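Visitor: next comes the sequence, and after it the predicted model I'd like to discuss.
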Amino acid sequence: ENDVLLLAIESSCDETAASVVKNGRTVLSNVISSQIELHKLYGGVVPEIASRKHIEKINQVVKEALDTAGVTLDDLSAIGVTYGPGLVGALLVGVAEAKAIAYAKKLPLVGVHHIEGHICANYIENPDLEPPFLCLVVSGGHTHLVRVKDYGAYEILGRTRDDAAGEAFDKVARAIGLGYPGGPKIEKLAKEGDPHAIPFPRAKIEDCAYDFSFSGLKSAVLNYMNGCKMKGEAVNEADIAASFQQAVIDVLVRNAMQAVEDYQADTLAIAGGVASNGTLREAVQKACREKGVRFCHPSPILCTDNAAMIGTAAYYEYQKGVRHGWDLNAVPNLKL
Ligand code: KG4
Ligand code: ZN
């Protein structure tokens, strides 16, 4: 009986999540308590409210993850937890919970990088996926083009110079009046619009072909809307949503495929909340097919923040011998 059973905890932003993962890739439970309804009232995540809600929910979420998996704390091999990057107060709740359980049950404690978790989400439904591969990580806080050299060995090829892709979706959605979180709402509205209606900019960073910039695009959308109002023209919100989304997608695909070509990669994966965008998936899929490259992506539920991905990442760290002490702290700006 050599099964490795991990309990994983994730609380870096506005989802309180716990999961039991067997041998790295078999998810026995994946419980997510979302705070979105609460933060919607304020148009974005309020850190102090997030921390408090995590505290209220964490024990219940962990219990549900264990019960659904049909295991008890005594069956576990280790505890995995996200310790950064993210909101410090939010992270601390998960880290404290993980430490308490690990201490009480004398279990190894494995801290995980949130972005590593997003990348590892790809292993869950692609049992044969193994490094090396390239991964485009697009979430609310991060936009990274990562070379996965081995389990737990990452090289960041490119990153955003300003806003993350998801952040741009959220800001444009707010400007259009769609509310938070903006990504899914923009995607829905974009289906009724023309992606070629408005020529929004596709920023290219001169000294790094893999880096991104989305703040100029966001400003261009705001300027366009103001221009319409000044001229007394009606604003076609569906065209704005579609044209904005297309501009983001074009840049993501362009940079990712440049890296695929330069590194002769045979597999491209995507990860993070924005990776659940169907139009983005289709565009990446098409580009990969044209190049004869394998395309991997997690199901939407494994794209947005969850603890199953943290369990998978923690498993590979655990197998490498990574163990954290009781001094494990939340690191809001943790580097990959
Ligand atoms: O990975 P995630 O759940 O949290 C972070 O680690 O940031 O990503 C959340 C982000 C939000 O900005 C949200 O608007 C965006 O992912 N998002 C989407 C879609 N679903 C979520 N963006 C575009 N299209 C979507 N369908
Ligand atoms: Zn995330």
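Guide: Everything's here; your move. Ligands and ions are numbered 1, 2, ... in the order given.

Visitor: which stretches in this protein count as helices?
Guide: In chain order, the chain shows helices spanning 36-40, 47-69, 88-105, 114-125, 165-176, 182-190, 215-230, 237-262, 278-291, 300-303, 308-319, with DSSP state H as the criterion.

Visitor: need the winner for burial among those helices.
Guide: Between those, helix 308-319 has the highest mean count of neighbours, a mean of 28, where neighbours are mean count of other CB atoms under 10 Å. All C-beta spots, glycine's among them, are computed from the backbone N, C-alpha and C.

Visitor: before we move on, the earlier item: relative to residue 5, which of the helices of the chain is closest?
Guide: Nearest of these to residue 5, taken as CB to CB: helix 47-69 at 8.2 Å.

Visitor: check whether the closest one comes near ligand 1.
Guide: No - judged by CB under 6 Å from any ligand atom, helix 47-69 stays clear of ligand 1, getting no closer than 12.0 Å.

Visitor: mind giving me the packing neighbours of that helix?
Guide: Counting contacts by 3 or more CB pairs under 8 Å, 6 or more residues apart in numbering; DSSP states H and E, helix 47-69 packs against strand 5-10, strand 15-22, strand 26-34, helix 36-40, helix 88-105.

Visitor: alpha carbons of that helix, as PDB, please.
Guide: These are the backbone C-alpha positions of helix 47-69, laid out as PDB (Å, rounded to 0.1, in the frame of the first residue of the first chain):
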ATOM      1  CA  PRO A  47      -8.500  41.700   0.800                       C
ATOM      2  CA  GLU A  48      -9.700  42.100   4.400                       C
ATOM      3  CA  ILE A  49     -13.100  40.600   3.600                       C
ATOM      4  CA  ALA A  50     -11.400  37.700   1.800                       C
ATOM      5  CA  SER A  51      -9.300  36.900   4.800                       C
ATOM      6  CA  ARG A  52     -12.300  36.900   7.200                       C
ATOM      7  CA  LYS A  53     -14.300  34.700   4.900                       C
ATOM      8  CA  HIS A  54     -11.500  32.200   4.500                       C
ATOM      9  CA  ILE A  55     -11.300  31.900   8.300                       C
ATOM     10  CA  GLU A  56     -15.100  31.300   8.400                       C
ATOM     11  CA  LYS A  57     -15.000  28.600   5.700                       C
ATOM     12  CA  ILE A  58     -11.700  26.800   5.900                       C
ATOM     13  CA  ASN A  59     -12.500  24.100   8.500                       C
ATOM     14  CA  GLN A  60     -15.800  23.300   6.800                       C
ATOM     15  CA  VAL A  61     -14.100  23.100   3.300                       C
ATOM     16  CA  VAL A  62     -11.300  20.800   4.600                       C
ATOM     17  CA  LYS A  63     -13.900  18.500   6.300                       C
ATOM     18  CA  GLU A  64     -15.900  18.300   3.100                       C
ATOM     19  CA  ALA A  65     -12.800  17.500   1.000                       C
ATOM     20  CA  LEU A  66     -11.900  14.600   3.400                       C
ATOM     21  CA  ASP A  67     -15.500  13.300   3.600                       C
ATOM     22  CA  THR A  68     -16.000  13.400  -0.200                       C
ATOM     23  CA  ALA A  69     -12.800  11.600  -0.700                       C
END
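
Visitor: sweet, I'm off.
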